[in-house]
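Novice: Build me a model:
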Amino acid sequence: MITPVDLTGASWFKASYSDNGGSCIEVAPGFPGMVPVRDSKNPHQPALLFPTTAFTAFITGVKNGQFGTV
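Specialist: The predicted structure follows:
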């Protein structure tokens, strides 16, 4: 069973590198064990929830150039 997570009071932010572009993701810190992620163009759509360890591994991979450039 999946338990819904209340993100009503979440403080969302996006990377300073986004330069207010339209293709950004936003994350909300402060949720133990998970990182909520949403599309900045569609903030009222459901967020994706990633385990903190998975999101940390993803960010590490990005910083290390494992995914190339887009």
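
Novice: partners of the residue most central in space within the chain in the sheet?
Specialist: Note on the chain: the residue nearest the mean C-alpha position is residue 37, at 2.9 Å, using CA atoms, centre = their mean. Residue 37 has these beta-bridge partners by DSSP bridges: residue 27, residue 48.

Novice: what's the spacing between residue 50 and residue 17?
Specialist: Separation of residue 50 from residue 17 (CB to CB, to the nearest Å) stands at 20 Å. Where C-beta positions appear, they are placed from N, C-alpha and C, glycine not excepted.

Novice: should've said residue 37
Specialist: Residue 37 is 16 Å from residue 17, by CB to CB.

Novice: likewise residue 43?
Specialist: For residue 43 relative to residue 17 (CB to CB), the value is 19 Å.

Novice: what stretches of this structure score poorly on pLDDT?
Specialist: 1, 18-22, 70 (pLDDT under 70).

Novice: Show me where it has its strands.
Specialist: Using DSSP state E, the strands of the chain run over 25-27, 34-39, 48-51.

Novice: mind putting the ones you listed in TSV, distance to residue 8 included?
Specialist: Putting the strands of the chain into TSV (distance: least, CB to CB, whole Å) gives the following:
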stretch	distance to residue 8
strand 25-27	15
strand 34-39	11
strand 48-51	15
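
Novice: Ok, which of those strands comes nearest residue 62?
Specialist: Between residue 62 and the strands of the chain, the shortest gap by CB to CB is with strand 25-27, which sits at 11.5 Å.

Novice: Distance from that closest one to the middle of the chain?
Specialist: 4 Å (CA atoms, centre = their mean, to the nearest Å).

Novice: Ok, stretch 32-49 next?
Specialist: Worked out by CA atoms, centre = their mean, stretch 32-49 lies 6 Å from the chain centre.
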